[in-house]
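> Sequence and predicted structure, then a few things I'm wondering about:
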Amino acid sequence: MKTALIGLTLGLGLVLAGCAHNSPYEPADPLERINRPIYAFNIKADQYVLRPVARSYVKVVPAPARTGVSNFISNFFYPTVVVNDLLQGKFGQSGRDLTRFAMNSTFGLAGFLDPASKVGLMRNDEDFGQTLGRWGVGEGWYLMIPILGPSSNRDLIGWGVDTFGTEPTAYMDLDLKEKLEVAAVRAVDARVPLLSLDHLLKQQLDPYVFVRTAYLQNRLNKVYDGHPPEKLMEPELPE
């Protein structure tokens, strides 16, 4: 059943995203009228729930402990990176990432410590959305997902494949409450590094456009490992 779901999801991703371009400056955003209200809802949810929790977490939990938790979360979900390394044909990187995972899982006390980085095995960030992009699948429409935030057709499909196919929690006997607890911990951990950037968003004339451009540019950089083609990064000037 799970294999069939992944196959169906992948097929939908290819159909939805195959005809799209990859420019963060002229994004395909036909759902903007729907995306903007969802963005406003997400901002309110962040303002009243996620940001206060993240700020309280920073105040209560010492920095070394927060680093340990963040290391553990990263290592726990690192098999997704290894799998997508292979799917992208990055066999050398896959071997290094597998070694990193094994080292941190053992000598790093289940990942709370990060000895792998100290010996030069640095953390990589790969997911199935990037895998689709590497093999030529366009990003599709820009999407604003309730609670989850910015995405695209391609990345939403990628998120589904990773969530139900490559993440360890997909193979653990967790009930809905436990899955939500795991998601909440990951959300707080991901929100903490962004606390220092809150003021930047408030300075924007149109925060929605700022977030959209930043998200798409970041994803473009990840697909091309930090070296996207110049033609995709430069805005088209009127003739």
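Ah, there it is. Residues are numbered from 1 along each chain as shown.
> Touching, Leu156 and Ile145? I think so.
Yes. Judged on Cβ atoms under 8 Å, Leu156 makes contact with Ile145 at a distance of 6.9 Å. C-betas here are computed from N, CA, C, even on glycine.
> Same drill for these two, tell me which one is more crowded.
Leu156 (20 against 15; other Cβ atoms under 10 Å).
> Distance-wise, check that one relative to Tyr48.
The gap separating Leu156 from Tyr48 is 25 Å, by Cβ to Cβ, to the nearest Å.
> Ok, Pro207 next?
17 Å.
> Which one of those two is surrounded by more residues?
The neighbour comparison of Pro207 against Tyr48 (other Cβ under 10 Å) goes to Pro207, with 15 against 10.
> Spell out which residues sit in contact with the more buried one, please.
By Cβ atoms under 8 Å, 6 or more residues apart in numbering, Pro207 lies in contact with Tyr39, Ile43, Leu201.
> The second one in helix, strand or coil?
Per DSSP: H, G, I helix; E, B strand; the rest coil, the local secondary structure of Ile43 is helix.
> Determine the number of other residues adjacent to it.
The tally of other residues near Ile43 (other Cβ under 10 Å) stands at 15.
> Pull up the gap between it and Lys179, please.
Counting by Cβ to Cβ, the separation of Ile43 from Lys179 is 25 Å.
> got it, and Ser105?
Separation of Ser105 from Lys179 (Cβ to Cβ): 22 Å.
> Cheers, nothing more for now.
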